[in-house]
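Asker: A structural model of the following input is requested.
(chains A and B)
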Amino acid sequence: MTVAPPPVRASPAGTASHAVRQGAIGWMALPALSMFVAFGVVPLVGVLALSFTRWDGIGDIQPDGLASWRSVLTDPGLPHSLWVTFEVMGLSWLFQTPISLLLGVFLAAHHRYRGVLAVLYFIPLLLSQAAIAITYKSLLDPNFGLGAGLHVDLLSQDWLGKPHLALATVVFVVSWQFIPFHTLLYQGGVRQIPGALYEAAQLDGAGRVRQFFSITLPQLKYTVITSSTLMVVGSLTFFDLIFVLTAGGPGDATRVLALDMYKRGFMGNQMGPASAIAVILVLLGLLLAWLLRRVGGGSSSDSQLEGL
Amino acid sequence: MDPTTRRNFLALALGGTAAAASLAACGSSGPSKDDASGGGSGQATYWYLSVQPQEGIRKSSVDRFNQANPKTPIKGTAFQNDAYKTKIKTAIGAGQAPTIIWGWGGGGLKSYVEAGQVEDLTSWFDENSDVKNRLFPSSFGAATIDGKIYAMPAEVVQPIVVFYNKTAFEKVGAQPPTTWEDIKALVPKFNAAGIAPFSLGGQSRWTNMMWLEFMFDRMGGPEVFQAVFDGEKDAWSNPVAIKALTEVQNFVKAGGFVKGFSSITADSNADQALLYTGKAAMMLHGVWTYGSMKQDGGDFVKGDHLGYMTFPPVEGGTGDPANTVGNPGQYLSISSKATAAQKETAKQFFKTQVLSEEEQKAWVGAGQVPIVNGADKLFAGSEDAAFLDFVYGIASKAKVFAQSWDQAMSPEAAEVLLDNIAKLFQLQISPQQYADNMNAVIGQ
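Answerer: Here you go, the predicted model:
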């Protein structure tokens, strides 16, 4: 990921001490860096190398040139998986952002009962994805689920058996789990906004809605970018929840890229093409993270308190 | 296809991610430790599937062996079904395989053989012909690759049969079908009564595959799929194959399967629950479901509400209705990476404990038929005698006992197959598109 260091605006007199501090910081980054290299960079290079080979996971690894890439890039399954991945990404962003933002703003105010609510809202995040998926799968079962049990026809849809409905269900369950996390981000963001801004706005006669759009939202700009980056890049790696909930089905209606990779690699024994997809996933993630920073505009070192 | 039960939710949960699968492995005692301790001493390791009652039967055989051979014990480790499938492949690939590898034979075994990871047992079987001759000859097909035997057939025979709910048939006043045409005629009757004609755990995909296996066999005989298996060009475009595929799609369109079948998994046994709760009238499934329906279905099996029959003939079809499909057995291979002493221990285990008299009795007690000639003598007095006789009859009378397609094919081709079958049942692709997609991977 492109993490630019903050621009240095040190005065000439401070340069020497600054260099010393930088050296110290360099040492402190070493443990994290070594972990990152060992568990991030090395496997990544391995996967890149594997994508140019033929391997069934059992026998010897044979160099195979561009065959894996050719088979992946010409497979109509790839654009489909990409499309499904973007659908899940876009829809879950659209669904999560407004709800998390509003909940975050709501929870940021200081009232006792809101603390209790905040704890309740947080529960979904504590559950494992597989457990959530199994629970929802049971609840949504058309024959033994909630709808059938309560005799509510509206609820006894074939939630996971119809392509569009299954996709919507996946988006809903994903959002159900992650809204609490993003709510927390927004809550923190809102609490950082200086109260003076609101006082001034009140004196000028701005109502609550106006305050929200003119103060809260602009001040949360970087929180929105952070939250969106996490949502967008995170949605590339959705796997366990979808795997348990629909296994990519019905047909291939919810087969996202990560699932496609797993199925090719570990169920189809084709590590070469699976590695090629993994590389595509990494590139896509980097590209998206970079784009989002671009969209954010300016540099992250810009003051968030402009106008104060 | 998987033998035995696929009942546990946990199996799915553990199989959920590769990470979870490897966690499951960490939870059990690590294979590397076993290898280290068992290095030169002849101590062997054995991985098999969990879930009762099968797990208990496997463990008892190991325990009996260890009592008789305290110096060369076998250490058994049980794994959840879906987790095991990934785990065993990874372990073999990494040279960390257990001494005794439990498996399904066929295409999976072939991939181990090609990688030189399992022992050739042909000469051992020649020396120990009594071990070979007591087992069903049909069970050796899936253990034989290029004329050589690479696995010891073990455990039980599992054909796929049609189960039906007698109460549901009484409710609509219908007789059990004797032909495919009868089945089609029953569909509107059951649907009108609010009962699904067939239960199907379609999300598991291999469950849909069982339908194609029988439609192909009944309409055109075993030759149709054999041509695919032998890698003949465009074998899926055989007119009989297209006809069978079309017939299945028409059956889906006619409402032959339970509502929402494509989101039901067989791993959770929800498909069996539909049958024993009377929400569905019939179910095409492996005989391993008998035990779990007996256990979970309350009065269903004990109260004689469960009926069963072989898949009926299709009008105009050339296939012999005595033929069947399923798991002709389960398979134990020996890792070629094991030490000579460990291999010797494993062979001793095969000879003395696999399908011993005690183990056979235990399988029969669980309502399953061991792959031993004359095992039917043990059925007398069992409360499942009628069912056991039925299964034994199928296994002994079938001229062709075909292995499940996905197990017979290579894992690569099987994944494409299952994928396309799911789309076919989803009516996402036409029979012709299915044939085209599948023709493209023939011979892989």
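
Asker: Nearest residue to A:Asp60 in space, please, no chain neighbours.
Answerer: Spatial nearest neighbour of A:Asp60, excluding adjacent residues (CB to CB, 6 or more residues apart in numbering or on different chains): B:Ala115 at 7.3 Å. (Each C-beta comes from the backbone N, C-alpha and C, glycine too.)

Asker: tell me the contacts of the one you found?
Answerer: Listed by CB atoms under 8 Å, 6 or more residues apart in numbering or on different chains, the contact set of B:Ala115 reads A:Asp56, A:Ile58, A:Gly59, A:Asp60, B:Ile92, B:Gly93.

Asker: Mind doing that once more with 10 Å?
Answerer: By CB atoms under 10 Å, 6 or more residues apart in numbering or on different chains, the contact list for B:Ala115 reads A:Asp56, A:Gly57, A:Ile58, A:Gly59, A:Asp60, B:Ile92, B:Gly93, B:Ser336.

Asker: Same question for A:Thr53.
Answerer: So A:Thr53 contacts A:Asp60, A:Ile61, A:Gln62, A:Pro63, A:Asp64, A:Gly65, A:Ala67, A:Ser68, A:Met271, A:Gly272, A:Ser275 (CB under 10 Å, 6+ apart).

Asker: Next up, phi/psi of the residue nearest to A:Asp60, please.
Answerer: phi -90, psi 0 (degrees, to the nearest 10).

Asker: what's the spacing between the nearest residue to B:Leu418 once chain neighbours are set aside and B:Trp211?
Answerer: Using CB to CB, 6+ apart and skipping residues adjacent in sequence, the residue nearest B:Leu418 is B:Arg205, 4.1 Å away. The spacing between B:Arg205 and B:Trp211, counted by CB to CB, to the nearest Å, is 11 Å.

Asker: element containing the residue nearest the centre of chain A, please.
Answerer: When CA atoms, centre = their mean is applied to chain A, the residue found nearest the centroid is A:Gly234 (2.3 Å). Counting by DSSP states H and E, the element that carries A:Gly234 is helix A:221-235.

Asker: Convert the C-alpha atoms of the helix or strand harbouring B:Gln295 to PDB, please.
Answerer: Assigned by DSSP H and E, B:Gln295 belongs to helix B:289-296. Taking C-alpha atoms only, helix B:289-296 is exported to PDB below (Å, rounded to 0.1, in the frame of the first residue of the first chain):
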ATOM      1  CA  THR B 289     -28.200 -41.700   5.300                       C
ATOM      2  CA  TYR B 290     -30.100 -44.600   6.700                       C
ATOM      3  CA  GLY B 291     -28.200 -44.500  10.000                       C
ATOM      4  CA  SER B 292     -28.700 -40.800  10.500                       C
ATOM      5  CA  MET B 293     -32.400 -40.900   9.600                       C
ATOM      6  CA  LYS B 294     -32.700 -43.700  12.100                       C
ATOM      7  CA  GLN B 295     -31.000 -41.600  14.700                       C
ATOM      8  CA  ASP B 296     -32.500 -38.200  14.000                       C
END
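
Asker: for the record, mean pLDDT for that helix?
Answerer: In this model, helix B:289-296 has a mean pLDDT of 87.

Asker: quick one: which of the contacts of B:Ala115 is most hemmed in?
Answerer: B:Ile92 (25 neighbours; other CB atoms under 10 Å in any protein chain shown).

Asker: show me what contacts that residue?
Answerer: A:57-59, B:98, B:101, B:103, B:111-112, B:115, B:117-118, B:333, B:335-337.

Asker: Around A:Val282, how many other residues sit close by?
Answerer: So A:Val282, with other CB under 10 Å, has 14 neighbours.

Asker: Tell me which residues touch it, please.
Answerer: A:Leu44, A:Val47, A:Leu48, A:Leu236.

Asker: Which helix or strand contains it?
Answerer: Per DSSP H and E: A:Val282 is located in helix A:271-296.

Asker: just the angle between that helix and helix A:221-235, please?
Answerer: 170 degrees (axes from the mean of the first three to the mean of the last three CA atoms, to 10 degrees).

Asker: related to what we said a few turns ago, and the helix holding A:Gly234, what other elements does it pack with?
Answerer: helix A:77-108, helix A:163-192, helix A:271-296 (3 or more CB pairs under 10 Å, 6 or more residues apart in numbering or on different chains; DSSP states H and E).

Asker: Contact residues of the stretch 151-300 of chain B facing chain A?
Answerer: B:196, B:199, B:202-205, B:258-265, B:267-268, B:270-271, B:273-274, B:277, B:279-280 (CB under 10 Å from any CB of the partner chain).

Asker: Try it again at 8 Å.
Answerer: Proximity of the stretch 151-300 of chain B to chain A (CB under 8 Å from any CB of the partner chain) is limited to residues B:202-203, B:258-265, B:270, B:273-274, B:279.

Asker: pLDDT added to those residues, as TSV?
Answerer: TSV is the format used below for those (pLDDT from 0 to 100):
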residue	pLDDT
B:Gly202	89
B:Gln203	87
B:Val258	93
B:Lys259	86
B:Gly260	86
B:Phe261	90
B:Ser262	88
B:Ser263	86
B:Ile264	88
B:Thr265	84
B:Ala270	87
B:Ala273	92
B:Leu274	93
B:Lys279	93
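
Asker: related to what we said a few turns ago, which one of the contacts of B:Ile92 is nearest B:Ala151?
Answerer: B:Ser333 (4.4 Å; CB to CB).

Asker: For that closest one, list the residues it contacts.
Answerer: Contacts of B:Ser333 by CB under 8 Å, 6+ apart are B:Ile100, B:Ile101, B:Gly103, B:Leu109, B:Tyr112, B:Val118, B:Glu119, B:Leu121, B:Tyr150, B:Ala151, B:Met152.

Asker: quick check, it in a strand?
Answerer: Yes: B:Ser333: assigned to a strand according to DSSP: H, G, I helix; E, B strand; the rest coil.

Asker: Which residues does it form beta bridges with?
Answerer: B:Ile101 (DSSP bridges).

Asker: roughly how far apart are it and B:Thr86?
Answerer: Relative to B:Thr86, B:Ser333 is positioned 18 Å away (CB to CB).

Asker: I'd guessed B:Gln54 sits against B:Ala366; true?
Answerer: Yes: between B:Gln54 and B:Ala366 a contact is recorded at 7.2 Å, counting by CB atoms under 8 Å.
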